[in-house]
Structure formats: C-alpha cells, structure tokens
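Undergrad: Please find the sequence and the predicted model below.
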Amino acid sequence: MRYTHAITRRPGKEMAAGITTSMLGAPDHKNAMDQFDAYAKSLSDCGVSVTVLDPLEGYPDAHFVEDAAVVTPDVAIITNPGAASRKGEVPSIASALEPFRKTVWVRPPGTLDGGDVLMVGHHLFIGLSDRTNENGARQLGEAVAGFGYTWTPVPVAAGLHFKSSVNAVGNDTLLTTQTFADHPALAGFHRIVVSPQEEYAGNTLLVNGHLIMPAGFPDTRQKLHALDKHIIELDTSEFRKMDGGLTCLSLRF
C-alpha cells in the first residue's frame, strides 16, 4: 500500500503525565518536539503529505494518534480506546479523518486501540490486549468485512500493543519479537526476529518502500538490510519513555 497522507499531533507540554510502564524516566518536552519534527520530515521525505494537529490540552497521550483510529483504503474505524483517560482524544481524530474517509465508530462494550491492528494487504491482525477486547476486535472485523477484508484475532501476551511486537516490513516479511517468532497466526510470512536486547526495534515503520526504524539497534538494522530498502534511523528516546514508538505517532493512509 502506498501512503499519500498522514495525520500527526505535536506532543503537549504535559506529555510526561501520560500512561507508561517504562522505567526510563520522564520525557524532555523540547527533545520530544525535536524528535517529532524529524519524524514528520521523514514522512514527508517518503512522499507523504503530513497534517500536523496541535497538542490536545488535557490529554497527555494524544500525540500517539494511531490508537484513535484504524484507516483502510475504504473506511476509517474510529476506536474506543481501552484506557479511560484516552477516550476524549477520539473526536478530534474523527474530525481530521472525515474529509478523507467514511467513518465507522467502535461502541462500548468494545474497546480497541489502533496500535493493536496490523493491516497486511486485505488482512487485519487484531491484537487482543489490555487495551483491545474481543468485542472491539469483532466490531472492527465486521466493519471492514464488507470491503473484502479478512481478520484474525491474536492474543497479546507481552508488550503494550500487537504492533509493539509485530510489524510488516515488505516482501511478505514481518519483523517480530521472539514472542511471536513461531506464532501460527503468522504462518505464510517470512519472519525477521529481533534479538531480546533490541525488542524496541520491532516497532519499525514501512512507508512507501522506506523503513523508518528507531536509532541505536545495529543488529536489527543489519537484519533489515537484507530487504534492500532505504533505512531511516530516528531518535525516539523521549517517546520510548512513554511506551511509544514510530507507528504510534501517525495515522497513514
């Protein structure tokens, strides 16, 4: 799938008040802004028109826009985030998407975070995690089925979201952590497995033939080099402190 647009949001000054399980300390807002600007520029350099939304006051995690929607070429599914403190992020993302896509909303008791959804062609892998339940996964699956998509629910035993551990990197290849290296749901794909010391690099983003990966993971970079794609390394240290990664920071379509 070739992306033409992306929606992003600048991190607000209160980002350190967001949800995290990390023990890496509080993020520095100035550094986060510099890292965000580099991220947005990289998307643009990959041929994507980037919409940058203003910070959303009162929602310190709102720059992780991916969790608020799942965007396919045919329809945008507006999620019902699994964390109560993030549900108020949804309306502004829905408004930003309305010029581009018909929208369908996930309703309670279903919960769904976009970070749990990996779209590979016309198939969706939907992680069942602390943030996404079976009802939410089913609502998403039913919303896209009419457009010819299939879907598979996959329990997430480790990591915040499914895409914390599994991402498509092109050439019928998935980049995975060892947790999913032999998972039967991923049969049929070639798998590149990141080492336990570099699990964070499992959240690598494929954009129009380019691989955007977090900086500082040489073993993973070497493994990805075999795919013969242009690799862009970005510092995401401040977002990592808040359990965030490269896919989290944009909605691409």
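TA: Cool, the structure landed.

Undergrad: Can you mark which positions in stretch 53-65 are buried?
TA: Buried residues in stretch 53-65, counting neighbours by 16 or more other CB atoms under 10 Å, are found at 53, 55-56, 59-65. C-beta: built from backbone N, CA, C; applies to glycine.

Undergrad: could you dump the residues you listed to JSON lines with pLDDT and secondary structure?
TA: As requested, these are exported to JSON lines (pLDDT from 0 to 100; DSSP: H, G, I helix; E, B strand; the rest coil):
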{"residue": "53", "pLDDT": "98", "secondary structure": "strand"}
{"residue": "55", "pLDDT": "98", "secondary structure": "coil"}
{"residue": "56", "pLDDT": "98", "secondary structure": "coil"}
{"residue": "59", "pLDDT": "98", "secondary structure": "coil"}
{"residue": "60", "pLDDT": "98", "secondary structure": "coil"}
{"residue": "61", "pLDDT": "98", "secondary structure": "coil"}
{"residue": "62", "pLDDT": "98", "secondary structure": "coil"}
{"residue": "63", "pLDDT": "98", "secondary structure": "coil"}
{"residue": "64", "pLDDT": "98", "secondary structure": "coil"}
{"residue": "65", "pLDDT": "98", "secondary structure": "helix"}
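
Undergrad: For residue 93, state which of those residues is nearest.
TA: Nearest to residue 93, judged by CB to CB, of these is residue 65 at 6.0 Å.

Undergrad: and that closest one, what does it touch?
TA: Shown in contact with residue 65 (CB atoms under 8 Å, 6 or more residues apart in numbering): 7-9, 53, 89, 93, 248-251.

Undergrad: Can I get the buried part of those as one PyMOL selection?
TA: Only the buried entries of these go into this PyMOL selection, using 16+ other CB under 10 Å:
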select buried, resi 7+8+9+53+89+93+248+249+250+251
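
Undergrad: Among the contacts of residue 65, which ones are in strands?
TA: Under the assignment DSSP state E, the contacts of residue 65 contribute 7-9, 53, 251 to strands.

Undergrad: circling back to that earlier point, export the contacts of residue 65 to a markdown table and tack on distance to residue 16?
TA: Below are those laid out as a markdown table (distance: CB to CB, whole Å):
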| residue | distance to residue 16 |
| --- | --- |
| 7 | 23 |
| 8 | 19 |
| 9 | 16 |
| 53 | 20 |
| 89 | 17 |
| 93 | 22 |
| 248 | 16 |
| 249 | 17 |
| 250 | 21 |
| 251 | 23 |
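
Undergrad: so what's residue 173 up against?
TA: By CB under 8 Å, 6+ apart, the contact list for residue 173 reads 189-192, 227.

Undergrad: any idea of the mean pLDDT for the helix or strand hosting residue 125?
TA: Under the criterion of DSSP states H and E, residue 125 resides in strand 123-128. Across strand 123-128, pLDDT averages out at 98.

Undergrad: For the following helix or strand past it, list every residue counted as buried.
TA: Counting by DSSP H and E, the next helix or strand C-terminal to strand 123-128 is helix 134-145. Using 16+ other CB under 10 Å as the test for burial, helix 134-145 gives 135-141, 143-144.

Undergrad: what's the angle between helix 134-145 and strand 123-128?
TA: Angle of helix 134-145 versus strand 123-128, following axes from the mean of the first three to the mean of the last three CA atoms, to 10 degrees, is 170 degrees.
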